[in-house]
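Q: Here's a sequence, model it:
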Amino acid sequence: MHGFSIRTAHLMPVFGHEFVPTYLSYMQTLDAFRTYHVNKYIDHQAFEIVW
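A: Okay, here's the model as predicted:
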């Protein structure tokens, strides 16, 4: 059996030409958008220091 690791990813939705509804919560975003960009330039260490 091969081991695996779980990693986080910084996803940025592709918004298109329509407005994003104001009632949309962060828990609904994976279902609300069809396409995402993966930000490979995210600095996780800086995020931990700031937050």
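Q: buried set for the host helix or strand of residue 31?
A: Element membership of residue 31 [criterion: DSSP states H and E] is helix 29-32. When burial is assessed from 16 or more other Cβ atoms under 10 Å, helix 29-32 yields no buried residues. To be clear about C-beta, it is placed using only N, CA and C from the backbone, and glycine gets the same treatment.
Q: Show me what it is in contact with.
A: 13, 24 (Cβ atoms under 8 Å, 6 or more residues apart in numbering).
Q: what does the average pLDDT come to for stretch 6-19?
A: Computed over stretch 6-19, the mean pLDDT rounds to 83.
Q: Check the gap between the closest residue to residue 35 other than its chain neighbours and residue 5 for me.
A: Using Cβ to Cβ, 6 or more residues apart in numbering and skipping the chain neighbours, the partner closest in space to residue 35 is residue 14 (4.2 Å). With distances taken as Cβ to Cβ, to the nearest Å, residue 14 is found 27 Å from residue 5.
Q: between the two, who's got more neighbours?
A: residue 14 (9 against 4; other Cβ atoms under 10 Å).
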